[in-house]
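Visitor: Kindly return the folded structure for what I paste below:
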Amino acid sequence: MSDYVNILKDERVDCFSVLTNIKIKDYLELVQIAYKDKGGIEGQRQALKTKSAIRIRDRMREDIIRGTILPPIVIGIVLDTETYEKVNLLNSDRDAILEILNNVPKESLSIIDGMQRTTAIGEAIKSNSNLNDKDIRVEYWLSTNTNSLLYRMLILNSGQVPWNLRRQIEILYNTLINEIRTKVHNIQLIEIDENGNRTKPGSYQADKIIELFLVFGARKYKIDTKEALADEFTKLDFIEATSDNDFSEIFFVLLSRMNTFDEYIFNYIPDTELSGEEEESKVPTKFKKGKDLFGSQTARVGFMTAFSIEIFGLPGDEKSIEEQHEKCNKVLTQMDQFLDKIKEYNNDQLGEFLDYLTLNEKITKVVSKVGDYEREFFTNAFRTLIKEEFRFSKLSPCWRS
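Guide: Residues are numbered from 1 along each chain as shown. The predicted structure follows:
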């Protein structure tokens, strides 16, 4: 990394911008893990497949070989609070900042803007290895949370046709997952789908968390990333949500509450299984054991969507930041009291509380898109629970709402 460093602080989202130069060989080594994680550049951004797009990238590669200067590639880094405070105190000390950047774990880096430029650089190196010692410009965004980086990225990439919202958030996949592991109580993120055979509460497939984050920010149980116009509106909704610096913290807190809910009902076993008797029912029993409720992604989506709508408001009818925080505190207080009661339930009481018989009857419906139906069902169910201020002693009214 060169001695040139320019540092500015973004007061809007409490984030530092550090602009510097780096040799191409050092840059490619720096971002190697970011590539490998998604199986290549195209895994993070849609491949350039049209004839005109391929010609543009070929032109970029040839320009690099001939000595062109590319716009800065943007790399996002989430720092721990202690390191971030060092940056804050030492932001005029160029050498100290460079030392911090040089010691950041490579797996914590996210390429926020510049994937196609990096592709072109890699292709140019194959044609001319002498370019390894050429300098390129890199801008680092330093923050203590994913939220700030996501907000900046959404603003930066708005209007770029090749991007959709899911892909933009997947760029920050590792950063988001690492932050969840640090800040969410008793969560276990697994990489392989275990088909619902969870052995511990709070264990979920890691990439499913991305969908929960998406629906929480969009306040919709379904994200239509194939419809360009709908996706643009969703981006705007997401930008509005992430404009609050506490957005991701609220998500983490609610994810933690969902974890606690899962923990308290997880060990419930129906009496028929305890006695060894076969249960005779004409109704399919998708939900049978306590662990089945939040073992379902549709239930998790409904839970997060319901709370998001309650706290932030319906899309297009947003609450002020003050109203959001007031509503969040009220909902959390009510839910904590609700969870305290569930914690004391024995197996029989949990069976009455969950009322899976009603749930299985109501959710069993012949529809063309079962997943969408279940997401909507659970969103409405949990919205009922919230609207009624968690006063129910069992979930039957939620399942019937």
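
Visitor: isn't there a strand covering residue 211?
Guide: No. Judged by DSSP: H, G, I helix; E, B strand; the rest coil, residue 211 forms no part of a strand; its state is helix.

Visitor: per-residue confidence at the spatially closest residue to it that is not a sequence neighbour?
Guide: Leaving aside its sequence neighbours, residue 211 sits nearest to residue 301 (Cβ to Cβ, 6 or more residues apart in numbering; 6.5 Å). Placement of C-beta: from N, CA and C, glycine included. Looking at residue 301, its pLDDT stands at 96.

Visitor: Equivalent analysis for the one 4 residues further on, please.
Guide: What the model reports for residue 305 is a pLDDT of 96.

Visitor: so it is in which element?
Guide: Assessed by DSSP states H and E, residue 305 sits inside helix 297-312.

Visitor: Residue 362 is in contact with residue 373, correct?
Guide: No. Residue 373 is beyond contact range of residue 362, at 10.8 Å (criterion: Cβ atoms under 8 Å).

Visitor: Find out how far the longest helix along the chain is from the centre of the chain, if you would.
Guide: Assignment by DSSP state H gives helix 321-343 as the longest helix of the chain. Distance of helix 321-343 from its chain centroid, counting by Cα atoms, centre = their mean, to the nearest Å, is 22 Å.

Visitor: Kindly report the same for stretch 178-191.
Guide: Stretch 178-191 sits 12 Å away from the centroid of its parent chain (Cα atoms, centre = their mean).

Visitor: Only C-alpha atoms, please: export that stretch in CSV.
Guide: What follows is stretch 178-191 as a C-alpha-only set of coordinates in CSV (Å, rounded to 0.1, in the frame of the first residue of the first chain):
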residue,chain,number,x,y,z
ASN,A,178,-20.2,-12.3,11.3
GLU,A,179,-22.0,-9.4,12.9
ILE,A,180,-25.0,-11.6,13.6
ARG,A,181,-22.8,-14.2,15.3
THR,A,182,-21.3,-11.5,17.5
LYS,A,183,-24.5,-9.6,18.4
VAL,A,184,-27.4,-12.2,18.4
HIS,A,185,-27.9,-14.2,21.5
ASN,A,186,-27.3,-18.0,21.3
ILE,A,187,-27.5,-18.2,17.5
GLN,A,188,-25.9,-21.1,15.5
LEU,A,189,-25.6,-20.5,11.7
ILE,A,190,-25.1,-23.6,9.7
GLU,A,191,-24.0,-23.7,6.1
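
Visitor: Buried residues, it. List them.
Guide: Neighbour-count burial for stretch 178-191, counted by 16 or more other Cβ atoms under 10 Å, picks out 178-180, 183-184, 187, 189.

Visitor: residues making contact with it?
Guide: Residues outside stretch 178-191 that contact it (Cβ atoms under 8 Å, 6 or more residues apart in numbering): 78, 108, 145-146, 177, 200-206, 209, 248-249, 252, 255-256, 259-260, 263.

Visitor: at 7 Å what do you get?
Guide: With contact meaning Cβ atoms under 7 Å, 6 or more residues apart in numbering, stretch 178-191 is reached by 78, 108, 145-146, 177, 200, 202-206, 209, 252, 255-256, 259-260, 263.

Visitor: Counting only strands, which of those residues make the cut?
Guide: Mapping those onto strands (DSSP state E) picks out 78, 203-205.

Visitor: what about residue 327, neighbour count?
Guide: Residues lying near residue 327 (other Cβ atoms under 10 Å) number 17.
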